[in-house]
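>>> Structure for this input, please:
(one chain, ligands or ions: 3)
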Amino acid sequence: MVIISNYKRYKNEIFDKNKLPKHLAIIMDGNGRWAEKKGLPRSAGHREGAKTVRRVITSCLNFNIPILTLFAFSTENWKRPKNEINYLIKLFERVLNKEKENLIKNNIKINFIGRLNELPNSLNETMNELSKSTRKNNKLILNIAINYGGRAEIVDAFKSIALKIVENKIDIKEINENIIKNNLYTHNLPDPDLLIRTAGEMRISNFMIWQVAYTEFWVTPIFWPDFSENNLVEAIINFQKRVRKYGGKV
Ligand code: IPE
Ligand code: IPE
Ligand code: MG
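Ligands and ions are numbered 1, 2, ... in the order given. Alright, predicted model coming up:
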């Protein structure tokens, strides 16, 4: 039986709350351009972008989307000016510390993926603390990709597989897609069903390059600080109309 309240209308289209992506991933782009357009420093865009993160998490909780992965900082973002990097690192730390109670209250399990050990100690302590204190939560799994690169992740997977071979824990003949998957940072997660990129660029920018093999893409021109719940609904409505074929015949 279909429960009518599970439907919502947006611009005359039906949003079906029974047909949601299980794993939603977002490349949160356009903070800098949002600020520049307003004549503000780029840092203002990042600060405003943090507010969008809260809104999107709330939407995922309301819609019962069980897994959300957010791309917060890439392994290539170290190429940016030092002051911007410092601002971002401080912002991550400030926001994470501030949100601790909300994460616990809302039954959110937070998890960080990336080369975390290359990040400053104090940020690492905050991240460890949050992962530990939310590890039993199960309403929403929130993955934050920070100092994350898809290629770096594959390099790290190669290293851990090579180590297991050297230690005679696995044999080269056993290597298959499943073994590679199991050595990625995302080993315990299903691949994303829907990937949203804000700010219009039609590229992957080294995000989850293994995992998005059959992910559905949605690119919106909206800058991340302006991304609203309706924009999310619009992306999901479009996702719901797609026919996923995985190379097969439907
Ligand atoms: C996304 O916004 C945030 C991060 C990459 C940390 P940008 O800072 O990339 O914004 P644009 O692309 O310059 O507008
Ligand atoms: C991707 O955005 C990284 C994050 C959103 C964290 P970028 O702004 O770094 O990507 P490019 O440089 O436009 O490819
Ligand atoms: Mg960008």
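
>>> For residue 46, give me its contacts.
Counting by Cβ atoms under 8 Å, 6 or more residues apart in numbering, residue 46 touches 31, 35, 87-88, 91. Using the backbone N, CA and C atoms, a C-beta is placed for each residue, glycine as well.

>>> give me that answer again for 10 Å
Residues in contact with residue 46 (Cβ atoms under 10 Å, 6 or more residues apart in numbering) are 28, 31-32, 34-35, 72, 84, 87-88, 91-92, 224-225.

>>> How far away from the center of its chain is the top helix by length along the chain?
Across the chain, the longest stretch assigned as helix under DSSP state H is helix 82-105. Offset of helix 82-105 from its chain centre (Cα atoms, centre = their mean, to the nearest Å): 16 Å.

>>> Follow the chain on from that helix and name the next helix or strand.
Next helix or strand after helix 82-105 toward the C-terminus (DSSP states H and E): strand 108-113.

>>> does any bit of that next one sit next to ligand 2?
No: Strand 108-113 lies apart from ligand 2 when judged by Cβ under 6 Å from any ligand atom; the minimum separation is 12.2 Å.

>>> for stretch 24-40, which positions count as buried?
Across stretch 24-40, burial judged by 16 or more other Cβ atoms under 10 Å covers 24-35.

>>> Quickly check: that stretch near ligand 2 or not.
Yes: Stretch 24-40 reaches ligand 2 (Cβ under 6 Å from any ligand atom) through 27-29.

>>> just those now: which is nearest ligand 1?
Nearest to ligand 1, judged by Cβ to the nearest ligand atom, of the residues of stretch 24-40 next to ligand 2 is residue 29 at 4.7 Å.

>>> just checking, that closest one touches residue 204?
No: the pair residue 29 / residue 204 is not scored as a contact, 11.4 Å apart, by Cβ atoms under 10 Å.

>>> which bits of the chain sit near ligand 1?
28-33, 73, 77, 88, 199.

>>> Narrow the residues of stretch 24-40 next to ligand 2 to those in strands?
residue 27 (DSSP state E).

>>> As JSON lines, the residues of stretch 24-40 next to ligand 2 with pLDDT and distance to residue 210 would be great.
What follows is the residues of stretch 24-40 next to ligand 2, written out as JSON lines (pLDDT from 0 to 100; distance: Cβ to Cβ, whole Å):
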{"residue": "27", "pLDDT": "99", "distance to residue 210": "16"}
{"residue": "28", "pLDDT": "98", "distance to residue 210": "20"}
{"residue": "29", "pLDDT": "98", "distance to residue 210": "21"}
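
>>> Which one of the residues of stretch 24-40 next to ligand 2 is nearest to residue 62?
For the residues of stretch 24-40 next to ligand 2, the residue nearest residue 62 by Cβ to Cβ is residue 28; the value is 19.2 Å.
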